[in-house]
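Colleague: got a predicted structure plus its sequence, pasted below:
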Amino acid sequence: MIEKQNDNRTELLKQIRDEVINFKESPLYQERIKNKVFPVIGEGSHCAKIMFVGEAPGRNEAQTGRPFCGAAGKILDELLASAGIKREDVYITNIVKDRPPFNRDPLPEEIDAYGPFLDRQIKIIKPEIIVSLGRFAMGYIMKKFNLELDSISRLHGKAFDAETAYGKIKVIPLYHPAVAVYNNGAKGELIKDFQILRDFQWNTY
């Protein structure tokens, strides 16, 4: 179990927020300015033992600056509740911090541009479990920790051991909650996958 210590992580996360807000070199910065929306940095406990990583903000997220606050966010809240996890106890973010136009998939250059911010968030928060939501987040996280990559249909709901500078962690790829927005029948499988977090949290909280 990774020991949590009181430190300056809130201040360090504020630095990331300020850098993203002023990230004029971002390939999505002009879209943000044109549409008068916000970047979405992340939300939740700065000492979270579980970190959720999605791919990029959607329309509701960009309008509010909050991650997973639209239809997919409601599904995520249900999934968290099904595993006995309080949203305020986890940290939720995305790889890409600005909304791609028309909610399209993030481009490789956008992931490359924003990835270092996520890397720093992980280093600051020191989660014991990183949950990737969707195939783009899965691809980034699996590669970051030198884990074998396969299709999300093969990897979802499984836990993988990984090493970080602060200790051992678990990486758990899951489907993006949005799949249940468009296919209500998928919610049952998502709930089933989330039970792995119920099992792990008793060992970490």
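Modeller: All right, it came through fine.

Colleague: where does the chain dip in pLDDT?
Modeller: 1-6, 201-205 (pLDDT under 70).

Colleague: give the buried residues for the lengthiest strand in it.
Modeller: Longest strand in the chain by number of residues (criterion: DSSP state E): strand 167-174. Buried residues in strand 167-174, counted by 16 or more other C-beta atoms under 10 Å: Ile169, Lys170, Val171, Ile172, Pro173, Leu174. C-beta coordinates here come from the backbone N, C-alpha and C atoms, glycine included.

Colleague: show me what it is packed against.
Modeller: If contacts are counted by 3 or more C-beta pairs under 8 Å, 6 or more residues apart in numbering; DSSP states H and E, strand 167-174 sits against strand 129-133, helix 135-144, strand 160-164, helix 187-204.

Colleague: okay if I get the buried residues of strand 167-174 as JSON lines plus distance to Ile21?
Modeller: Converted to JSON lines, the buried residues of strand 167-174 look like this (distance: C-beta to C-beta, whole Å):
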{"residue": "Ile169", "distance to Ile21": "29"}
{"residue": "Lys170", "distance to Ile21": "32"}
{"residue": "Val171", "distance to Ile21": "29"}
{"residue": "Ile172", "distance to Ile21": "30"}
{"residue": "Pro173", "distance to Ile21": "30"}
{"residue": "Leu174", "distance to Ile21": "29"}
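
Colleague: which SS class is the residue of the chain most remote from its centre?
Modeller: No residue in the chain sits farther from the centre than Lys34, which is 25.5 Å out by C-alpha atoms, centre = their mean. Using DSSP: H, G, I helix; E, B strand; the rest coil, the structure places Lys34 in helix.

Colleague: sec struct for the closest residue to Thr64 other than its chain neighbours, please.
Modeller: Leaving aside its sequence neighbours, Thr64 sits nearest to Phe38 (C-beta to C-beta, 6 or more residues apart in numbering; 7.1 Å). Secondary structure state of Phe38, per three-state DSSP, is coil.

Colleague: quick check: phi and psi on Phe38?
Modeller: With angles defined as degrees, to the nearest 10, Phe38 sits at phi -120, psi 150.

Colleague: how many neighbours does it have?
Modeller: Neighbourhood size, Phe38 [other C-beta atoms under 10 Å]: 19.

Colleague: what are the phi and psi values for the residue most central in space within the chain?
Modeller: Nearest residue to the geometric centre of the chain (C-alpha atoms, centre = their mean): Val53, 1.3 Å. Main-chain dihedrals, Val53, degrees, to the nearest 10: phi -120, psi 110.

Colleague: next: Ile92.
Modeller: Dihedral angles (degrees, to the nearest 10) for Ile92: phi -120, psi 130.

Colleague: for it, list the residues it contacts.
Modeller: Gly42, Glu43, Gly44, Met51, Phe52, Gly54, Pro67, Phe68, Leu76 (C-beta atoms under 8 Å, 6 or more residues apart in numbering).

Colleague: would you mind measuring from the second one to Ile92?
Modeller: Pointing back at Glu43 there. Distance of Glu43 to Ile92, given as C-beta to C-beta, to the nearest Å: 5 Å.

Colleague: what does the last one give?
Modeller: Distance check for Leu76 against Ile92: by C-beta to C-beta, it reads 8 Å.
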